[in-house]
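In: show me the folded form of this:
(one chain, ligands or ions: 1)
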Amino acid sequence: MLYKRSSQLFADAEKVIPGGVNSPVRAFKGVGGTPIFVKSAKGAYLYDEDGNQLIDYINSWGPMILGHAFQPVIDAITERAKLGTSFGMPTELETKIAELAVSMVPNIDKIRFVNSGTEACMSAIRLARGFTGRDKIIKFAGCYHGHSDSFLIQAGSGLSTFGTPNSPGVTQGTAKDTLLANYNDIENVKALFEANKNEIAAIIIEPVAGNMGCIPPIKGFLEDLRQVCSDNNTLLIFDEVMTGFRLAKGGAQELYNIQADIVCFGKVIGGGLPVGAFAAKNEIMNYLAPIGPVYQAGTLSGNPLAMAAGLAMLEALNQDTEIFKRLDEKTAYLENGIRKVLSNNNVKFTVNRVGSMISVHFDKGAVVDFKTAKNGDNETFKKFFHGLLNQGVYIAPSAYETWFITDALTYKDLDYTIDAIDRVSKEL
Ligand code: PLP
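Out: Residues are numbered from 1 along each chain as shown. All right, here's what the predicted structure looks like:
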């Protein structure tokens, strides 16, 4: 495939945008080469500036669960835009999407909309600190909760790709309030509670980790976290920015039957527009301004275009009783195909999957935390990535990312992908 125009556009972009991209994960630093510039997308396919068609396994890093340019979302945005794009005043639309989200997700009474997953997690932490009167939080190595200061401590994919575990610009003062634990290691968490008695406001976790590849919680881990939090009057925050409205209508809370105290959303909830949200029971949410003391705000929060897109997306997911089953079946089909061809070609690999989140790791051992995720052979991944790209299959340009399966993928697309992986794995 030719990427002549993309390369030129990247060279132009580099002159005026740091690294040529507005989010580091879009760069090809981890795999070499230059990023592909997209012109348009429809269903399961991307069309780039050189006229190539690519099967998309990133799907805007999660939001496009029903495919690109999903008609009800496009119609909702177009109709809404004609009425004005921002007012900074309440609209009925905000209540409608809030009512729907609250009806779909277990264990929440109220939801506040923001503009990104980062804002959702950042605000959830402030709320947890305000509610408990404590400063410290526990996060897990390899989990990413956005780029706000408290979270940029061993934060998975983007930072792992670049080998900068902590970012300059995050103060020591902020870092000292973030305690780090190993994913799937409850003893580690208990030891942190022991050493920081009555000081921990919240544990924040991706209930299925998606930023060090896909890592499922081992049996009992989330239950144990719930128990430890309840025992210590600490809030359990599920960062469902990836898993929310993807693994089930009610996200990971529903899938694993665990009640979190605060839940964060992003990606799917905005239907492809910039939306995040955080939600909890009344007791906690009523701590927020303007009724409570914890301040949180946003000029464009609840923006009508974003809410129209999100509402159309949630309505489609809510009405389709088979959607999560269908996504699971398609991804299981892909998983089985990948396992078969990689085994036949004697590649050392591990595949992890929960529902429509899946990742391939080039190491034979189980991948259960950040340490084991880092065992993957990056040179093999680079060849795998470029080999697939050459065959028109676009996966994330980093070994630490999850693939997001969309319902727009047909079994023909999946077969094509499995055959492409077969061809590429003969060269690894
Ligand atoms: N939380 C998780 C689990 C994420 O995967 C991400 C982004 O990938 C975020 C938070 C941050 O969301 P955003 O990029 O919308 O700020």
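
In: what is the burial count for the closest residue to the ligand within the stretch 101-250 of the chain?
Out: Here the stretch 101-250 of the chain gets closest to the ligand at one residue, residue 117, 2.2 Å apart by Cβ to the nearest ligand atom. Glycine gets a C-beta too; all of them are placed from N, C-alpha and C. Here the number of neighbours of residue 117 (other Cβ atoms under 10 Å) works out to 30.

In: please name the nearest non-neighbouring residue to it.
Out: Excluding its sequence neighbours, the residue lying closest to residue 117 (Cβ to Cβ, 6 or more residues apart in numbering) is residue 266, at 2.9 Å.

In: count of residues packed around the one you found?
Out: A count of nearby residues for residue 266, using other Cβ under 10 Å, gives 28.

In: which pLDDT value belongs to it?
Out: Confidence at residue 266, expressed as pLDDT, is 98.

In: contacting residues around it?
Out: By Cβ atoms under 8 Å, 6 or more residues apart in numbering, residue 266 lies in contact with 116-117, 120, 241-242, 244, 275-277.

In: what's the answer for residue 259, then?
Out: So residue 259 contacts 106-107, 226, 253 (Cβ under 8 Å, 6+ apart).

In: what about 6 Å?
Out: Contact analysis of residue 259 by Cβ atoms under 6 Å, 6 or more residues apart in numbering lists residue 107.

In: and for the one 10 residues further on?
Out: With contacts defined as Cβ under 6 Å, 6+ apart, the neighbours of residue 269 are 245, 275, 277, 310.

In: do you know how far it is from residue 205?
Out: Counting by Cβ to Cβ, to the nearest Å, the gap from residue 269 to residue 205 is 19 Å.

In: same check on residue 25?
Out: Here residue 25 is placed at a distance of 21 Å from residue 205 (Cβ to Cβ).

In: okay, the two: which has more neighbours?
Out: Between residue 25 and residue 205, counting by other Cβ under 10 Å, residue 205 is the more crowded of the two (25 against 21).

In: contacts only, for that one.
Out: Residue 205 touches residue 140, counting by Cβ under 6 Å, 6+ apart.

In: ends of stretch 109-125, how far apart?
Out: 18 Å (Cα to Cα, to the nearest Å).

In: show residues contacting it.
Out: 98, 101, 137, 145-148, 237, 239, 241, 262, 264, 266, 274, 276-279, 281-282, 285, 296, 298, 300-302.

In: and the residues you listed, which are buried?
Out: With burial judged by 16 or more other Cβ atoms under 10 Å, the buried subset of the contacts of stretch 109-125 is 98, 101, 137, 145-148, 237, 239, 241, 262, 264, 266, 274, 276-279, 285, 296, 298, 301-302.

In: keep only those of these that are also close to the ligand.
Out: Applying Cβ under 6 Å from any ligand atom, the subset of these adjacent to the ligand comprises 145-146, 239, 241, 266, 276.

In: ok, which residues in this protein are in contact with the ligand?
Out: Near the ligand, when you scan the chain using Cβ under 6 Å from any ligand atom, you find 61, 116-118, 121, 144-146, 206, 210-211, 239, 241-242, 266, 276.

In: alright, calling it a day.
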